[in-house]
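1. Have a look at this prediction, sequence included:
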Number of protein chains: 2
Amino acid sequence: MHIGMKSLAKHVDIGYVGELDMARNKHPEETVNLILAVATRLFMEKGYEHTSIQDIINELGGLSKGAIYHHFKSKEDILVAVTNRMTEVSNKMLEEIRDRKGLNGKEKLKIIFKESLGRSDMDYIFTVAPDLGNNPRLLFSMFRDTVDDVVPLYILPIIQQGISDGSIRTDYPTELAELVALAANIWTNPMVFNNTIEEYYRKLMVFKQMLDGFGLDIVDEELLGRMRELAAIYLETKNK
Amino acid sequence: MHIGMKSLAKHVDIGYVGELDMARNKHPEETVNLILAVATRLFMEKGYEHTSIQDIINELGGLSKGAIYHHFKSKEDILVAVTNRMTEVSNKMLEEIRDRKGLNGKEKLKIIFKESLGRSDMDYIFTVAPDLGNNPRLLFSMFRDTVDDVVPLYILPIIQQGISDGSIRTDYPTELAELVALAANIWTNPMVFNNTIEEYYRKLMVFKQMLDGFGLDIVDEELLGRMRELAAIYLETKNK
């Protein structure tokens, strides 16, 4: 799972557009966009681990190795930038749901989980699966972003609304928001744990049981079906 | 909370005893022991953040700065070694409880939580409180050790026993073990989150509620009382 990660790049250095580049490239942003578009496609097609910087260069239509390294220090930096763009999309979604009228808090939480799994780029997340469990820097970013941004900006306000409208009952909204968001973004995140489809599905069942225990009966059969689907895509690529 | 962390040092480089040292010191292990004993005491007295390498050297009876840096590259490395020693103690405890006769699985889990909070060095953990939430390296070590060691070696076997003897009911023992251990070792860990006593206590209440939801009614009033006590010690030092 993956509840709106904001600015993964915040805690890490990603390529920037410096003076040198400005001199030789009038549209550095377009260059970055091109690199990210190609990288995203290749990560999806071949998986992150099996994509080399050279693979990306080969499809950039004459862009030099130096040009790509000017923007990104490493393949990991490209991944961070790609992931960061995805989280921007995700945050827009969280913001929109948080502010939507005519829904109670519990309904909003349910929609968030549903949308988080229904996003078009969720397939990407499952496909790329860069095994962040072995990457302290990215894992740490995910951890801090969940705690510092996702919880206070989106999940907590929704739980607070749920308390006001009677749809959610807890004496500890902040702590509940934190535990649920960390479990979703870290523990049931296919990018962090290298689980088999079987293990992944089992985690979701335990996650659902945890939510039920808090009176948050928001994981329904439709949601579980979607999870199985994503897990299947992820494994298919992984085993290529 | 903190369920038997094994070998925090496994994923990080800690000082080692090289040839140079062997030449000038016949008992490098004793030197390391001395450094760690002094560091532990100072971390407890002054807090980790307020203890400098120089403070440690000042109490080492003539040991040079070079000698300490020969064994430990940084103050953080000393903390890792100190923490690693504590986890060895903790693992002995987990092993002993896991193998104890005459208890069912749920009783063993309850004793683990009780002992984890009752250990003499838990005061140390709360006192030192080095804010690992800002330290990717240590956070990552804690994460990996919980997943790779604490869960498979101790928590899972106990849950499996509980299933056999009927004291624990779950279709997903591995996943339940992982979620509980991560919540205890990362989320309710005062070294990872810089919580106030109020927030910390609230987390424990949510943790208890989570366990209850899984039918693990193992956090009793005595345990909660101990948690309050530890949180108080931690804050006292922090505010010095």
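-> Okay, I see it.
2. how about the longest helix seen in chain A against chain B, any contact?
-> Within chain A, and with DSSP state H defining each element, the longest helix by residue count is helix A:75-99. No: on the criterion CB under 8 Å from any CB of the partner chain, helix A:75-99 is out of touch with chain B, staying 13.7 Å away. Every residue, glycine included, has its C-beta placed from N, CA and C.
3. list the buried ones in that helix?
-> When burial is assessed from 16 or more other CB atoms under 10 Å in any protein chain shown, helix A:75-99 yields the following buried residues: A:75-87, A:90-91, A:93-94, A:97-98.
4. now that helix, how far from the chain's geometric center?
-> A distance of 6 Å separates the C-alpha centroid of helix A:75-99 from that of its chain, computed with CA atoms, centre = their mean, to the nearest Å.
5. Between helix A:75-99 and the helix or strand just after that helix, find me the angle.
-> Going down the chain from helix A:75-99, the next helix or strand is helix A:105-118, by DSSP states H and E. Using axes from the mean of the first three to the mean of the last three CA atoms, to 10 degrees, one finds that helix A:105-118 and helix A:75-99 are set 150 degrees apart in direction.
6. what's the average pLDDT for helix A:105-118?
-> Mean pLDDT, helix A:105-118: 87.
7. next one: stretch A:143-153
-> Stretch A:143-153 shows a mean pLDDT of 90 in the predicted model.
8. and that stretch, anywhere near chain B?
-> Yes: interface with chain B: stretch A:143-153 contributes A:143, A:144, A:147 (CB under 8 Å from any CB).
9. quick one: buried residues of that stretch?
-> Of the residues in stretch A:143-153, those scored as buried under the neighbour-count criterion (16+ other CB under 10 Å) are A:143, A:144, A:145, A:146, A:147, A:149, A:150, A:151.
10. element containing residue A:68, please.
-> Take DSSP H and E as the rule and residue A:68 turns out to sit in helix A:65-71.
11. quick one: contacts for the residue in chain A positioned nearest to chain B?
-> Residue nearest to chain B within chain A: residue A:213 (1.9 Å; CB to the nearest CB). The contact partners of residue A:213, taken as CB atoms under 8 Å, 6 or more residues apart in numbering or on different chains, are B:209, B:210, B:212, B:213, B:214.
12. From these, list the buried ones, please.
-> Judged by neighbour count, with 16+ other CB under 10 Å as the criterion, the buried members of those are B:209, B:210, B:213, B:214.
13. quick check, nearest of those to chain A?
-> Within the set of these, residue B:213 lies nearest chain A; the separation is 1.9 Å, counting by CB to the nearest CB.
14. can you give me phi and psi for the closest one?
-> In this entry, residue B:213 is assigned phi and psi values of phi -60, psi -30 (degrees, to the nearest 10).
15. cool, and residue A:188?
-> Backbone dihedrals for residue A:188, given as degrees, to the nearest 10, come out at phi -100, psi 30.
16. Touching, it and residue A:207? I think so.
-> Yes: under the criterion of CB atoms under 8 Å, residue A:188 is in contact with residue A:207, at a separation of 5.4 Å.
17. Kindly report the residues of chain A close to chain B.
-> Counting by CB under 8 Å from any CB, the residues of chain A close to chain B are A:133, A:136-137, A:139-140, A:143-144, A:147, A:170-172, A:174-176, A:178-179, A:182-183, A:186-187, A:193, A:199, A:202-203, A:205-207, A:209-210, A:212-214.
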